[in-house]
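Novice: Dropping a prediction and its sequence here:
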Amino acid sequence: MKQSWRFSSYLRLAQAFLRRGRLPALLLAVARKSATQGRRVGALKEDLRLLQGLCMAWWRGEYRAISSQALLAVVAALLYFVTPLDGLPDWLPVLGFIDDLAVLAWVLRTWSDELAAFRAWREAQAPEALEVIERLPDR
């Protein structure tokens with residue numbers, strides 16, 4: 001599956017979020033939406049946690065072994081996930097959430113090698129250290 005033109009605009013937004021230091025606010029929004037969506041997120045809940053953990057580890061400077069393109073794609077996908085008015089507005093029952101899941105699945109598949117490397121790094125960390133690294137800010 002090829003990246004859509006709509007997703008390209010989210011890549012530009014992702015650059016702005018990273019440049020302005022807004023990543024923690026985005027990750028809090030992702031946590032809130034995934035908590036409220038519960039069953040809809042389903043199988044992707046662990047994948048969302050992985051993407052959030054990657055972003056927090058990168059933001060804290062603990063994990064930098066990811067290409068800038070992969071990081072931008074992850075942040076863009078999370079932005080797409082939290083934006084209610086994207087390809088299919090979230091207020092449309094069932095359909096409004098399908099495009100969010102499709103974008104997340106595309107990023108997970110496209111950057112699977114980079115995410116596998118992060119998973120390996122994550123598994124090598126002490127649980128206490130990982131909890132601190134991946135903890136979302138209190139904002």
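Specialist: Perfect, I can see it now. Residues are numbered from 1 along each chain as shown.
Novice: make it CA atoms for all contacts and neighbour counts henceforth
Specialist: OK.
Novice: Distance check, F81 against S112.
Specialist: 18 Å (Cα to Cα, to the nearest Å).
Novice: Who has more neighbours out of these two?
Specialist: Ranked by neighbour count (other Cα atoms under 10 Å), F81 and S112 place F81 first, with 24 against 13.
Novice: and the gap between the residue nearest to the more buried one when sequence neighbours are not counted and P137?
Specialist: With sequence-adjacent residues excluded and distances taken as Cα to Cα, 6 or more residues apart in numbering, F81 is closest to D100, at 5.1 Å. For D100, the distance to P137 equals 24 Å [Cα to Cα].
Novice: more neighbours, those two?
Specialist: Between D100 and P137, counted using other Cα under 10 Å, the more crowded position is D100 (25 against 10).
Novice: any idea what that one is structurally, helix, strand or coil?
Specialist: Following DSSP: H, G, I helix; E, B strand; the rest coil, we place D100 in the helix state.
Novice: from memory it sits against Y80, does it?
Specialist: Yes - using Cα atoms under 8 Å, D100 is in contact with Y80, at 6.5 Å.
Novice: in the worst-scoring helix or strand of the chain on mean pLDDT, what counts as buried?
Specialist: Comparing helices and strands within the chain by mean pLDDT, DSSP states H and E singles out helix 95-110 as the least confident, with a mean of 79. Buried positions in helix 95-110, judged by neighbour count with 16 or more other Cα atoms under 10 Å: 96-101, 103-104, 106-108, 110.
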